[in-house]
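Trainee: Structure, please.
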Amino acid sequence: MLDFPPEILAEAFKIGVMTWGISFMPPVCLVSRGWYDVVTNTPHLWGIIEVTSKSSPRLLLNQISRAKATPLTVYISRGVDNIRPFHPVLNRLFELSSNWVSATLPPEVLARCRWNDLRYTLQELVINDRIQCTNPFASWAQEGAEFKALRLFSTASMDMSDLFLSSTIHHVKIIQGRITAVAPAATLTHLRKVPNVRTLKIRELKQTSTIPDQRLVITMNQLTTLELVRVDLPSLLLSSIICPALESLTIGPCPKRYLPEDTLSSFLSQWCDPKHIPIRLHTLKLEQCVRPSDVTYLIRFLARLPNLVRLSLIDDDIEASEVSTDEDNFLRALSSPQGARSAGGGWLCPSLMTLHIEADTAPNDVLDLARQRGCGSNSGGLRSLRTVSGFLCREGTAEERRETESLVHAVECVCLACVMESLAAS
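Mentor: The predicted structure follows:
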């Protein structure tokens with residue numbers, strides 16, 4: 001058996017405990033004396049505490065005692081605080097809350113901790129349920145100071161989130177739920193409190209159609225990853241955010257309400273402004289959020305993204321037309337040496353290597369693109385495109401599909417028939 005340093009083994013075992021729980025440890029101890037020694041002499045492995053309705057309170061108390069004074073990563077599932085046998089476990093964890101570095105738990109359980117015990121040590125906080133009672137953090141709010149160490153914050157509701165948001169946070173995830181509508185201005189007010197955020201993910205946000213005041217525009221100079229999934233009227237938020245360092249943007253799938261504000265055109269136009277352009281953007285995914293009238297604006301936006309490497313467009317509303325041009329058909333714009341004319345000319349997205357398309361495309365548009373940009377093309381003017389995927393089996397004849405495959409490194413059809421055929425062959 002290969003000998004690994006104890007530190008490496010301890011980190012590997014930590015991944016196992018994070019994945020499968022503390023039950024991962026006993027079999028590991030049986031492998032060898034060396035592995036047993038690593039487990040018994042590494043208290044932080046025992047500091048990953050998962051409390052669920054299926055856990056054993058006796059074993060949890062034993063695990064907590066083994067963890068000693070090590071930093072604790074605590075997972076508490078919803079409803080456990082209402083099960084009497086777990087009360088001693090929770091009480092013991094509350095006593096050790098000054099050792100917590102990461103916590104995933106319901107808001108009512110979190111509120112039972114002492115605010116001052118958490119504010120200097122807690123680095124990651126995930127509130128995994130909506131607030132069920134009236135302001136459980138009323139006593140915390142009176143303290144009036146931010147969490148000094150908090151770097152990651154995830155919540156199932158923006159209610160009371162102001163208590164946790166601060167300039168120290170680098171990663172934010174909000175799963176609001178679609179029960180009540182939230183004004184975009186309210187969301188922007190929350191986001192203003194995390195100016196140094198690097199990763200921002202917002203899901204299940206039902207928004208009102210109220211256009212926010214232009215003075216609410218916020219700048220996030222550190223933001224590199226932005227995801228809006230099932231967010232109504234995403235343009236209302238995006239038009240009010242400046243993120244020049246953005247590298248990855250995901251929008252959708254989003255509910256389509258077909259209101260005047262339900263279009264990406266306003267945000268795409270805004271982000272064509274020099275002070276809004278995310279010049280470092282390398283990944284763009286748009287899913288079920290584009291209207292046909294947005295395509296021209298999308299092409300203009302793509303013309304300002306020289307570093308875009310991966311582009312994905314999935315939308316049932318995009319319809320092909322034989323009379324469309326490189327100004328209103330984004331595949332033809334990608335195929336044209338002058339596709340970026342709105343930004344001074346040249347190729348659209350010259351760094352593009354991976355394209356995923358699930359939309360109604362005209363026959364041969366994908367083949368023409370591969371001829372112009374495929375890494376295996378001998379006649380194209382740009383040989384950056386390496387991978388094409390999407391609903392491709394319906395594109396042209398079998399001979400044309402073989403030609404497409406010869407022009408790029410990989411062609412993958414994701415229709416059900418092709419996926420099943422691929423699975424059968426593997």
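
Trainee: C-alpha from now on. contacts and neighbour counts both.
Mentor: Will do.

Trainee: mind listing what's buried in stretch 47-54?
Mentor: Within stretch 47-54, the residues scored as buried using 16 or more other Cα atoms under 10 Å are 47-53.

Trainee: Please, where are all the helices along the stretch 151-300 of the chain?
Mentor: Listed in chain order, the helices of the stretch 151-300 of the chain (DSSP state H, counting those that start in this stretch) span 184-191, 234-238, 265-270, 295-302.

Trainee: Minimum distance to residue 156: which of those helices has it?
Mentor: When the helices of the stretch 151-300 of the chain are compared by Cα to Cα, helix 184-191 sits nearest residue 156, at 13.9 Å.

Trainee: Which positions in that closest one come out as buried?
Mentor: Here helix 184-191 shows 184-185, 188, 191 as buried, counting by 16+ other Cα under 10 Å.

Trainee: can I get the CA coordinates of that helix in CSV?
Mentor: Only the C-alpha atoms of helix 184-191 are listed here, as CSV (Å, rounded to 0.1, in the frame of the first residue of the first chain):
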residue,chain,number,x,y,z
PRO,A,184,-36.0,45.0,-7.4
ALA,A,185,-35.0,48.0,-5.3
ALA,A,186,-35.2,45.9,-2.1
THR,A,187,-32.9,43.2,-3.6
LEU,A,188,-30.4,45.9,-4.7
THR,A,189,-30.5,47.4,-1.2
HIS,A,190,-29.4,44.0,0.2
LEU,A,191,-26.7,43.6,-2.4
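
Trainee: Contacts for that helix next, please.
Mentor: 161-162, 165, 207-213, 216, 218, 236-237, 240 (Cα atoms under 8 Å, 6 or more residues apart in numbering).

Trainee: Same question for stretch 261-270.
Mentor: Taking Cα under 8 Å, 6+ apart as the rule, stretch 261-270 contacts 209, 232-236, 238-239, 256, 276, 289-291, 293-294, 297-298, 301.

Trainee: Tell me which of the helices of the stretch 151-300 of the chain sits nearest to residue 222.
Mentor: Nearest of the helices of the stretch 151-300 of the chain to residue 222, taken as Cα to Cα: helix 184-191 at 12.9 Å.

Trainee: how far is that closest one from where the chain is centred?
Mentor: Distance, stretch centre to chain centre, for helix 184-191: 19 Å (Cα atoms, centre = their mean, to the nearest Å).

Trainee: Need the mean per-residue confidence for it.
Mentor: Taken as a whole, helix 184-191 has a mean pLDDT of 90.

Trainee: remind me which residues of this protein are low pLDDT?
Mentor: Scanning the chain for pLDDT under 70 picks out 1-2, 131-145, 160, 257-258, 319-324, 363, 394-396.

Trainee: Tell me how far the longest strand that the chain contains lies from the chain's centre.
Mentor: Secondary structure of the chain read by DSSP state E shows that its longest strand is strand 171-182. Centroid separation between strand 171-182 and its chain, computed with Cα atoms, centre = their mean, is 14 Å.

Trainee: residue ranges of the strands in the stretch 301-426 of the chain, please?
Mentor: Taking DSSP state E, counting those that start in this stretch as the test, the strands found in the stretch 301-426 of the chain are 310-314, 354-358, 387-390, 410-413.

Trainee: Report all helices and strands that the second one contacts.
Mentor: Looking back up the chat, that one is strand 354-358. strand 310-314, strand 387-390 (3 or more Cα pairs under 8 Å, 6 or more residues apart in numbering; DSSP states H and E).
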